[in-house]
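Novice: show me the folded form of this:
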Amino acid sequence: MNPLLTIITPVFNSAKLLQSTIDSIKNQTYKNVEYIIVDGGSTDGTLDIINDNSQMVSVLISEKDSGMYDALSKGLKVAKGDFICYLNAGDILYPDAASKVVKFLSENKLDWVTGYISECNESNEITKIDLPFRYKTHLIQRGMYGKYLPYIQQESTFWSKKLIDTIDFDKLRSLRLAGDYYLWYCFSKESKLEILKTPLGAFKKHEGQLSEDLHRYWKEVGEFTEPSNLFNKFEVLLEGLYWLLDVRVREKLVSTNWRFDHAKHQWMKK
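Specialist: Down below sits the predicted model:
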């Protein structure tokens, strides 16, 4: 039996963005997908788009909430999938993302994976793509990624259902900006984040996009992450130098990601 993948979209008044996200899920080559939309009581036509695509939506929750991570919590609590990810309105998955992730996590009995860091414009044209170097568990737990080192891209990150048990949902609902990093912090307590050398999802840059209040974001991150020490800061400096190297040089120095072996027809960490 094919494992079930759950995709969750928290949404509020995003009528101009939601259709492209739904289309990217509709175009997945892997079809055993549960799609959950959690709407915060939109008034701009978002619900019309959801209704027009009702054949794609497995679960719709539409009610007022206290923010995006309250909505995400509702979706995570009803998710039935063996594997899970979430996409905000406008963000997209590559057509074969679900197929690759389900196969990779199932065959290798792993719990958590991410792919290329990828961005697109309003026409869904890819404008940035970069292979991550590595994500060290103890540096995730100290809030180093995104602040001092490149971020973990939420749109390209998938995890097994068992990692949901690591989340304190009261804490997740209380967050306003840093809920993504809170998930990574929780998951890192249980499992190592693996990197798949392939594009999976893309973050959409669009006109009128609100820039995050970075001060508040990192203040929230500091509420749940562990304090860093002088050694951690020195380590971050060395890691930053690795990230600056050409991908081909990095791969020769340290093998950190999974690549597809065409001779063996499987993903392998070399």
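Novice: which ones are touching T127?
Specialist: Contacts for T127 were tallied using C-beta atoms under 8 Å, 6 or more residues apart in numbering; they are 119-121, 205. The way it works is simple: take the backbone N, C-alpha and C, and place the C-beta from them, glycine included.
Novice: just the buried members of these?
Specialist: 119-120 (16 or more other C-beta atoms under 10 Å).
Novice: which SSE is the nearest residue to W218 once chain neighbours are set aside in?
Specialist: In space, and not counting its chain neighbours, W218 is closest to K147: 5.9 Å by C-beta to C-beta, 6 or more residues apart in numbering. If you go by DSSP states H and E, K147 is not part of any helix or strand.
Novice: any idea how far Y35 is from K147?
Specialist: K147 sits 32 Å away from Y35, going by C-beta to C-beta, to the nearest Å.
Novice: over to V102?
Specialist: 15 Å.
Novice: which residue ranges of the stretch 151-270 of the chain form strands?
Specialist: 157-160, 194-195, 201-204, 258-261, 266-269 (DSSP state E, counting those that start in this stretch).
Novice: for the shortest one, packing partners?
Specialist: Going back to what we said before, that points to strand 194-195. The contact analysis (3 or more C-beta pairs under 8 Å, 6 or more residues apart in numbering; DSSP states H and E) places strand 194-195 against strand 112-114.
Novice: just the C-alphas of the helix or strand following the strand it packs on, formatted as CSV.
Specialist: For strand 112-114, the succeeding helix or strand toward the C-terminus, using DSSP H and E, is strand 117-120. Listed next in CSV are the C-alpha coordinates belonging to strand 117-120 (Å, rounded to 0.1, in the frame of the first residue of the first chain):
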residue,chain,number,x,y,z
ILE,A,117,16.5,26.1,-1.1
SER,A,118,14.3,27.4,-3.9
GLU,A,119,12.3,30.6,-4.7
CYS,A,120,9.9,31.6,-7.5
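Novice: what residues does S174 make contact with?
Specialist: Per C-beta under 8 Å, 6+ apart, neighbours of S174: Y69.
Novice: try 10 Å this time
Specialist: 66-67, 69-70, 168, 182, 220, 223 (C-beta atoms under 10 Å, 6 or more residues apart in numbering).
Novice: which one of these is nearest to W159?
Specialist: Nearest to W159 out of those is Y182 (C-beta to C-beta; 13.3 Å).
Novice: re earlier: relative to G45, which of the strands of the stretch 151-270 of the chain is closest?
Specialist: strand 201-204 (18.4 Å).
Novice: and the closest one, what does it pack against?
Specialist: Counting contacts by 3 or more C-beta pairs under 10 Å, 6 or more residues apart in numbering; DSSP states H and E, strand 201-204 packs against helix 15-26, strand 92-93, helix 97-108, strand 117-120, strand 126-130.
Novice: what packs against the fourth one?
Specialist: Counting contacts by 3+ C-beta pairs under 10 Å, 6+ apart, the secondary-structure elements packed against strand 117-120 are strand 126-130, strand 201-204.
Novice: from the chain's centroid, how far away is stretch 47-59?
Specialist: The chain centroid and the centroid of stretch 47-59 are separated by 22 Å under C-alpha atoms, centre = their mean, to the nearest Å.
Novice: buried sites along that stretch?
Specialist: 47, 49-50, 53, 57-59.
Novice: for stretch 119-133, same thing?
Specialist: 119-120, 131-133.
Novice: what's the single longest helix in this protein?
Specialist: Secondary structure of the chain per DSSP state H: the longest helix is helix 230-244.
Novice: could you say which helix or strand holds L76?
Specialist: Counting by DSSP H and E, L76 is part of helix 68-78.
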